[in-house]
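S.K.: Pasted the sequence and its predicted model underneath.
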Amino acid sequence: MGKMTKPSAVFCLIVLFNFLIYSFVIISGVDREYFNVDGAYFTSMPFDFDYSYETGVVVVFLSLMMCGFGAYLMSGTSAVEHKNSNVNFNFNVKHILNEKSSRYDTQATLILLTLILFSLVHFLMIEKSVLWYNLDYQIIKTPEDIGNSGIFFRMYHFLFRIVGIFAAVTMVYYFSTGKFLNFAASFVLFSYSFFLLYVGESRWINIYIFVLFFSRYIFFRRKPSFLEIIFWLVIFVFLFVKVIVGRNFGVYGVAVQGEIISEVASLNWIAVLFGMMINFGDGFLNLANTSVHDFLYSLEYKVGSFSPFPSVIDGFSEIQEEEHRISLFVPFNALSEAYSFGAPYFLLLLFIIFLFLYSSDRVYNLVGLYGRLILVVILFWNVFLMFGYPIRNVMRVFEYVTLINFIIIIRKS
């Protein structure tokens, strides 16, 4: 992993991609139906914004690129630090995974079996008829609609997504080390979480594929071949399109999965690729929509959006209804909100992003392969959220990771 995979460089590439999609829409003059083909609605984003608003979008684009370039140039590199820290990092991983493997494997087995028990209880509490057939794809992600409102069910219904990611990593690791009992337990956990998300038409399944791919890269310690990359990419694209088609199918659940797959197979895949690009790259189109809205936000909402604390402490959930949306399924993203809040808040957003990128680049220079992969994955995930969701959804990750980064930098110094 070289200079172009530094967090700031990756950030600039993502920002540039989003701006190119915006530029294509502006220059070509297409409407959103251009990207919605054969019942596959890749975007709910209105394109009826004021095209004279381009100056504001360009200013935001250039501001973000300056953050990225500034962090890239200021973070520098240190071959000596990287060499030493890489040795220490790899030593620590080896120490944990090999020298104490027996004790850790026993503990891991107990944890995995406990989670399987939780998953079984969770499944028994699910309303099977709703899982089999329902009329709203969001039902499966809502605890009260698919099961009951008990505290255990609600907590595990939220956590099973994270459990699935954990199981994806442990599944690949235990397969690579030949420890098949823990592999089997991890496989059961992963399969259960994947099944619920697959039937629920959730884009989390693409995150699972992403995690599986990188886990295989890490634990097998061999770069994937070109054919392997194509294989994983085909799976990723197919599942992503399946989710888009499934969400617009009208009926949902296990009973209709075969019909959804047939629908996906019959799509015009050239048009599908354009649809995927708009789905991944509509960040500046979201911002452009602020030109036709004039919403007012309270001071509490503006300040609370940047708060690093959970709602139980700062009370943000009590004012969250002030969140405005472009359409029923499209909230204003972090850039749109910050721009609407006013110049001080937009500058604050840029400053936090800069600190995140600068500190991530510094840590990137200090750690080995595994640490770099973690940083890049966090960056991809949070920048994706930044272009699609409000400030509150992304800011705490920026703030927490930045704090951890500076702690690592200080300790290494």
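M.R.: Happy to help now that I have it.

S.K.: Now for Gln257: which residues touch it?
M.R.: Tyr198, Val199 (Cβ atoms under 8 Å, 6 or more residues apart in numbering). Yep, even glycine has a C-beta here, placed from its N, CA and C like the rest.

S.K.: In which helix or strand does it reside?
M.R.: Gln257 belongs to helix 257-265 when assigned by DSSP states H and E.

S.K.: In that helix, which residues are buried?
M.R.: Gln257, Ile260, Glu263, Val264 (16 or more other Cβ atoms under 10 Å).

S.K.: what do you get for stretch 164-179?
M.R.: For stretch 164-179, a neighbour-count test (16+ other Cβ under 10 Å) marks 164-175, 179 as buried.

S.K.: do stretch 341-359 as well
M.R.: 341, 345-346, 348-350, 352-359.

S.K.: Other residues contacting that stretch?
M.R.: 7-8, 11, 60, 63-64, 67-68, 70-72, 74-75, 297, 302, 305-306, 334-335, 338-339, 391, 395, 398-399, 401-402, 405-406, 409.

S.K.: export the buried residues of stretch 341-359 to a markdown table and tack on secondary structure, distance to Leu285 and pLDDT?
M.R.: Formatted as a markdown table, the buried residues of stretch 341-359 follow (DSSP: H, G, I helix; E, B strand; the rest coil; distance: Cβ to Cβ, whole Å; pLDDT from 0 to 100):
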| residue | secondary structure | distance to Leu285 | pLDDT |
| --- | --- | --- | --- |
| Phe341 | helix | 20 | 92 |
| Tyr345 | helix | 21 | 95 |
| Phe346 | helix | 18 | 95 |
| Leu348 | helix | 24 | 97 |
| Leu349 | helix | 19 | 96 |
| Leu350 | helix | 20 | 97 |
| Ile352 | helix | 23 | 97 |
| Ile353 | helix | 20 | 96 |
| Phe354 | helix | 24 | 97 |
| Leu355 | helix | 27 | 96 |
| Phe356 | helix | 24 | 96 |
| Leu357 | helix | 23 | 96 |
| Tyr358 | helix | 28 | 96 |
| Ser359 | helix | 30 | 95 |
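
S.K.: can I see the domain layout of the chain?
M.R.: 3-81+269-412, 100-265 (automatic domain parsing).

S.K.: all strands for this structure, in order.
M.R.: Ranges of strands in the chain, per DSSP state E, are 36-37, 40-41, 325-327, 330-331.

S.K.: Identify the residues contacting Phe398.
M.R.: Ile352, Ile353, Phe356, Asn382.

S.K.: how close does it get to Ala265?
M.R.: Noted for Phe398: a distance of 40 Å to Ala265, by Cβ to Cβ, to the nearest Å.

S.K.: now do Ala338
M.R.: 42 Å.

S.K.: Gly304 now?
M.R.: For Gly304 relative to Ala265 (Cβ to Cβ), the value is 46 Å.

S.K.: where do the helices sit along the stretch 51-200 of the chain?
M.R.: 54-75, 79-94, 101-125, 128-132, 143-146, 151-176, 180-199 (DSSP state H, counting those that start in this stretch).

S.K.: any idea which of the ones you listed scores lowest on pLDDT?
M.R.: Sorting the helices of the stretch 51-200 of the chain by mean pLDDT places helix 79-94 lowest, at a mean of 44.

S.K.: ok so, going back, so for Tyr208, which of the strands of the chain sits nearest?
M.R.: Within the strands of the chain, the stretch nearest Tyr208 is strand 40-41; the backing value is 21.3 Å (Cβ to Cβ).

S.K.: what's the burial count for Val188?
M.R.: Applying other Cβ atoms under 10 Å, we find 18 other residues in the vicinity of Val188.

S.K.: make that Ile270, sorry
M.R.: Ile270 - counted by other Cβ under 10 Å - has 9 other residues nearby.

S.K.: what about stretch 320-328, distance to the chain center?
M.R.: Relative to the mean C-alpha coordinate of its chain, stretch 320-328 is positioned 21 Å out (Cα atoms, centre = their mean, to the nearest Å).

S.K.: Quick one: end-to-end distance for that stretch.
M.R.: 16 Å (Cα to Cα, to the nearest Å).

S.K.: what does stretch 311-324 give?
M.R.: Note: stretch 311-324 ends 18 Å apart using Cα to Cα.

S.K.: Quick one: the helices in the stretch 301-413 of the chain, in order.
M.R.: Using DSSP H, counting those that start in this stretch, helices in the stretch 301-413 of the chain cover 311-314, 334-341, 343-366, 369-386, 391-412.

S.K.: How about Val363: what's its closest non-neighbour residue?
M.R.: Asn405 (4.8 Å; Cβ to Cβ, 6 or more residues apart in numbering).

S.K.: Could you measure from the one you found over to Phe387?
M.R.: 22 Å.

S.K.: Equivalent analysis for Gly281, please.
M.R.: Taking Cβ to Cβ, one finds Gly281 at 8 Å from Phe387.
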